[in-house]
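Novice: heads up, no residue letters with this:
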């Protein structure tokens, strides 16, 4: 284990983000489905048996397997490689994991994920809080990799 604090943070915060997304879904489902609309977004109910942008419709089993593999690989990566001082990397993987766990458990329990956020100002697929977490986690990880690569390149340049 590279850094026990990092792994504990990753584990606990992944569960907290998953629960946060789950609570948002419950609040939306219980209170606002088909009732909340404004110029920016509406809350609606869509059972999604696929993945992002409608790909892989009716491929629930495949998406469950891919999600389980992603959870396992990222958890092993964090366990072996991530340090607590790499805050952006740790946070991005934690947010990503919370979203992945949320969609995974919905697929296992329901055979689909519930999407409920519809943007009204643009033609865009309906999505949920877990999808936002996955996208945010990937975006932050890309930022981490780009800035880490830049700092590595600068260190190499300074040593020459």
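Specialist: Here it is on my side, so go on. Note that the structure is a prediction, hence the values are computed from the model and not measured.
Novice: got a list of what the closest residue to residue 121 other than its chain neighbours touches?
Specialist: What sits nearest to residue 121 in space, not counting adjacent residues and going by C-beta to C-beta, 6 or more residues apart in numbering, is residue 40, at 6.2 Å. For glycine as for every other residue, the C-beta is placed from the backbone atoms N, C-alpha and C. Residues in contact with residue 40, defined by C-beta atoms under 8 Å, 6 or more residues apart in numbering, are 119, 120, 121.
Novice: can you give me the neighbour number for the second one?
Specialist: When you say that, I think you mean residue 120. By other C-beta atoms under 10 Å, the residues close to residue 120 number 12.
Novice: that one: what's it in contact with?
Specialist: Neighbours of residue 120 in contact, by C-beta under 8 Å, 6+ apart: 37, 38, 39, 40, 41, 42.
Novice: where's the residue nearest in space to the middle of the chain, which helix or strand?
Specialist: The structure's the chain has its C-alpha centroid closest to residue 134; by C-alpha atoms, centre = their mean the separation is 2.2 Å. Assigned by DSSP states H and E, residue 134 belongs to helix 129-159.
Novice: could you give me the buried positions within stretch 13-25?
Specialist: 13, 14, 17, 18, 20, 21, 22, 24, 25 (16 or more other C-beta atoms under 10 Å).
Novice: report the buried members of the contacts of residue 120.
Specialist: Here, 16+ other C-beta under 10 Å leaves 41, 42 buried among those.
Novice: all helices for the chain, in order.
Specialist: 4-27, 60-81, 87-110, 129-159 (DSSP state H).
Novice: to residue 50, which of the ones you listed lies closest?
Specialist: Taking C-beta to C-beta, helix 60-81 is the member of the helices of the chain nearest to residue 50, at 7.6 Å.
Novice: quick one: contacts of the closest one?
Specialist: So helix 60-81 is contacted by 1-2, 6-7, 10, 49-51, 56, 90, 93, 96-97, 100-101, 103-104, 107-108, 111-112 (C-beta under 8 Å, 6+ apart).
Novice: circling back: please identify the deepest-packed of the helices of the chain.
Specialist: By mean neighbour count, with neighbours taken as mean count of other C-beta atoms under 10 Å, helix 87-110 ranks first of the helices of the chain at a mean of 20.
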